[in-house]
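Participant: The sequence and its predicted three-dimensional model are supplied below.
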Amino acid sequence: MSQDKEKISYSEKTERLKAIAQLLKTVTPMIWTSVILVVIIPLLGNFIISKSFTNTPTTTVVVSPPHDFSKVNQDVKNAIQKAHITAETFASQELDKWEAEVIARVDNNFLDWYFDYFNQKKMEFTVPFNFVKSAVINRFDMNAASQDVSEKLTEDFQREFANRVLIPRNAQLRFQLITQDTANLYIAEVSKNVKVVQNNYNIPQAQWDKYLNDIAITISDKGNVSNLSLKVLVGGSGYLVTKPLILGVASKIGSKVTAKVASKAAAKMATKTGGTVASQLGVSLIDPIVGVGIIMWDLWDYDRTVKVERPILREHIVSYLKDVKISLLKNPATGIMAAIDQLESGILKSLP
């Protein structure tokens, strides 16, 4: 009886142990799952968060110091002067092209006409008749008659020079186009160079706009005064605003050119007859450019005239054209750079 109870008790204990073992085996995955979800993953997340904040670079707010506008002003002046040099170089190169074309026409057209045998004979033949006619009109004042003959020769010379070499109407249009292109380039260069100054000093746009607005430019043309700011000039509307001034100068280009000729007497004659010829041709805007003088020489020896005088005449014409080019570029009243000089002067006066 006692042994039976012991067997039962041992059997029950064994079954209980098996049941507990089975329970633990069943519950263990659930326990580890809970540990992973509740403990390990949150710990991992906390670790990642802490590392993320540790590795995130801190943002430093940099406060720009107040700008030294005395330096800004100087740099703006330099930027404007740099634009001037660029524009003047462009205009000079364009006039170099024009000068080369003109000299080519001198060599290939004008000198051939002037030293043509029949043209020389025509001058020799007509001079005596013109002299006698003028002497009669001037009551046999031989000095007056001689001057009239010289003026008539010079007029003929200038008329052919204008038509064969200068082609005045085309020249005037070309000078106007060069003036407009130069002004456009100047304004574009000012805008670009001034923007570089802003970038160099890291000036905020609002502050920069105020700075440019405070630089006032006064333009005076034919008594009409207009005002604009540097901001307008560099903001894309500069050429439209200054167009009347630019075209006003362009329409007068060449009107102050000084003729360089062989002597003072010839220079006076060239100026007088140049205006006459220009009015006949309808090109009064560039009359002094037509006013090249003439060198008087003996015409009796045609071969000598061609061999000796042709190089001399060419040298004087080329020298004259170089003077013309300088005047076209830099004459303070009517040169290509005149409008730009006026604009630049207004800007520089507004800068402290």
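Facilitator: Received the coordinates, thanks. Keep in mind that what you see is a predicted model, and the values were worked out from it rather than measured.
Participant: So if we follow the domain assignment, how does this structure break up?
Facilitator: The chain breaks down by automatic domain parsing into domains covering 1-61, 70-350.
Participant: Can you tell me which of these has the worst average pLDDT?
Facilitator: Comparing mean pLDDT over those, the weakest stretch is domain 1-61, at a mean of 58.
Participant: Pretty sure residue 228 sits in a helix.
Facilitator: No: per DSSP: H, G, I helix; E, B strand; the rest coil, residue 228 lies outside any helix segment and is strand.
Participant: Kindly provide the distance from it to residue 336.
Facilitator: 21 Å (Cβ to Cβ, to the nearest Å). To be clear about C-beta, it is placed using only N, CA and C from the backbone, and glycine gets the same treatment.
Participant: any idea how far residue 90 is from residue 167?
Facilitator: From residue 90 across to residue 167, the span is 23 Å (Cβ to Cβ).
Participant: Same check on residue 92?
Facilitator: 21 Å.
Participant: Show me what the helix or strand containing residue 156 packs onto, helices and strands only.
Facilitator: According to DSSP states H and E, residue 156 maps onto helix 142-161. Counting contacts by 3 or more Cβ pairs under 8 Å, 6 or more residues apart in numbering; DSSP states H and E, helix 142-161 packs against helix 111-114, helix 117-137, helix 264-281.
Participant: need the contact list for the closest residue to residue 214 other than its chain neighbours.
Facilitator: Closest residue to residue 214 apart from its sequence neighbours, by Cβ to Cβ, 6 or more residues apart in numbering: residue 229 at 7.5 Å. By Cβ atoms under 8 Å, 6 or more residues apart in numbering, the contact set of residue 229 is 212-217.
Participant: Identify, from those residues, the entry nearest to residue 319.
Facilitator: Proximity of these to residue 319 (Cβ to Cβ) peaks at residue 217, which lies at 38.5 Å.
Participant: Skipping its backbone neighbours, what lies nearest that closest one in space?
Facilitator: residue 346 (4.0 Å).
Participant: For the helix or strand harbouring the one you found, buried residues please.
Facilitator: Assigned by DSSP H and E, residue 346 falls within helix 338-350. Buried residues in helix 338-350, defined by neighbour count with 16 or more other Cβ atoms under 10 Å: 338-340, 342-344, 346-347.
Participant: okay if I get those as TSV plus distance to residue 156?
Facilitator: Shown next, in TSV, are the buried residues of helix 338-350 (distance: Cβ to Cβ, whole Å):
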residue	distance to residue 156
338	33
339	36
340	38
342	39
343	42
344	43
346	46
347	48
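Participant: and the two most separated of those?
Facilitator: 338 and 347 (15.4 Å).
Participant: Which elements pack onto the longest helix belonging to the chain?
Facilitator: Longest helix of the chain, by residue count under DSSP state H: helix 69-105. Judged by 3+ Cβ pairs under 8 Å, 6+ apart, helix 69-105 is in contact with helix 168-201, helix 310-330, helix 338-350.
Participant: Just send those helices back as a markdown table, with distance to residue 274 too.
Facilitator: Listed next are these as a markdown table, based on distance: least, Cβ to Cβ, whole Å:
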| stretch | distance to residue 274 |
| --- | --- |
| helix 168-201 | 11 |
| helix 310-330 | 12 |
| helix 338-350 | 21 |
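Participant: Mind checking these for the one nearest to residue 133?
Facilitator: helix 310-330 (27.0 Å).
Participant: tilt between the closest one and helix 69-105?
Facilitator: 150 degrees (axes from the mean of the first three to the mean of the last three Cα atoms, to 10 degrees).
Participant: Helix 310-330: which residues count as buried?
Facilitator: 313, 316-317, 320-321, 324-325, 327-329.
Participant: for stretch 118-129, same thing?
Facilitator: 120, 123.
Participant: Also stretch 161-170?
Facilitator: 161-168.
Participant: Output those as a markdown table; include the columns distance to residue 352.
Facilitator: A markdown table is the format used below for the buried residues of stretch 161-170 (distance: Cβ to Cβ, whole Å):
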| residue | distance to residue 352 |
| --- | --- |
| 161 | 51 |
| 162 | 50 |
| 163 | 54 |
| 164 | 54 |
| 165 | 50 |
| 166 | 46 |
| 167 | 48 |
| 168 | 46 |
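Participant: and of those, the nearest to residue 26?
Facilitator: For the buried residues of stretch 161-170, the nearest to residue 26 is residue 167 (111.6 Å; Cβ to Cβ).
Participant: Now that closest one: phi and psi?
Facilitator: phi 50, psi 70 (degrees, to the nearest 10).
Participant: mind checking how far it is from residue 151?
Facilitator: Taking Cβ to Cβ, one finds residue 167 at 24 Å from residue 151.
Participant: ok, now which ones touch residue 90?
Facilitator: By Cβ under 8 Å, 6+ apart, the neighbours of residue 90 are 181-182, 185.
Participant: Kindly indicate the member of those with the most neighbours.
Facilitator: The most neighbours of any of the contacts of residue 90, using other Cβ atoms under 10 Å, belong to residue 182, which has 25 neighbours.
Participant: Can you give me the distance of that residue to residue 346?
Facilitator: For residue 182, the distance to residue 346 - Cβ to Cβ - is 17 Å.
Participant: what's the neighbour count on the closest residue to residue 163 other than its chain neighbours?
Facilitator: The shortest distance from residue 163 to any non-neighbouring residue, by Cβ to Cβ, 6+ apart, is to residue 281 (7.6 Å). Using other Cβ under 10 Å, residue 281 has 18 neighbouring residues.
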